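*Asks:* let's see this in three dimensions:
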Amino acid sequence: MPAIECPRCFTELEYTGEWWTGIACECENCKGILADNDWLESNLIQEDYHRLRARVFRGSPGEILCPYCLSVRPRRPIGMTKFTVSPGGKSYEIDGCQKCGSMWFDHGELVPYEEGGDDEPSVDGAGKKKDSGGDLDALDASIHLLDMLFNIFLSF
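*Replies:* Numbers count the residues shown, from 1 in each chain. Next up is the predicted model:
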């Protein structure tokens with residue numbers, strides 16, 4: 001894997017987690033976390049994953065470039081979109097890449113989506129793929145379909 005740089009403090013991110021659940025990297029300095037689309041899908045509650053993925057496409061232009069895209073295609077940087085979420089009544093601004101699906105979580109922003117949720121943020125603290133047990137409503141099903149089509153389009 002190529003080295004991936006933190007978009008906040010520009011130090012090399014540390015790879016963590018199991019390779020079969022996707023890529024997740026953590027910055028030792030600022031404690032931010034970069035998680036790719038596969039990691040997010042494998043480790044978040046599915047309703048949260050689909051809701052976050054949909055927000056990437058409705059977000060406004062962000063201030064950072066996608067660290068993952070920049071590491072594999074340095075001549076073609078992709079700007080991330082930013083969007084605000086409010087899990088548990090707290091507001092967080094998350095950055096997401098429309099091209100590769102990765103998301104950047106500043107220190108503490110991933111905690112509400114992790115199993116347990118009250119500890120320090122860590123990609124090691126996320127549980128295995130979880131499902132809330134409920135059926136996807138029509139909007140979530142549409143978002144899931146659009147996400148699948150987008151990934152197919154990216155593969156060409």
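
*Asks:* just the element for the closest residue to residue 82 other than its chain neighbours, please.
*Replies:* Of all residues not flanking residue 82 in the chain, residue 62 sits nearest, at 3.8 Å (C-beta to C-beta, 6 or more residues apart in numbering). No exception for glycine: its C-beta is placed from N, CA and C like everyone else's. Counting by DSSP states H and E, the element that carries residue 62 is strand 60-65.

*Asks:* give me the low-pLDDT residue ranges for this protein?
*Replies:* Residues of the chain meeting the criterion pLDDT under 70: 1, 17-20, 115-156.

*Asks:* which stretches in it count as helices?
*Replies:* Assigned by DSSP state H, the chain shows helices spanning 37-43, 46-58, 67-72, 138-154.

*Asks:* just the buried residues of the second one, please?
*Replies:* Residues of helix 46-58 classed as buried: 46, 47, 48, 49, 50, 51, 52, 53, 54, 55, 56 (neighbour count, 16 or more other C-beta atoms under 10 Å).

*Asks:* what's that helix packed up against?
*Replies:* helix 37-43, strand 79-85, strand 92-96, helix 138-154 (3 or more C-beta pairs under 8 Å, 6 or more residues apart in numbering; DSSP states H and E).
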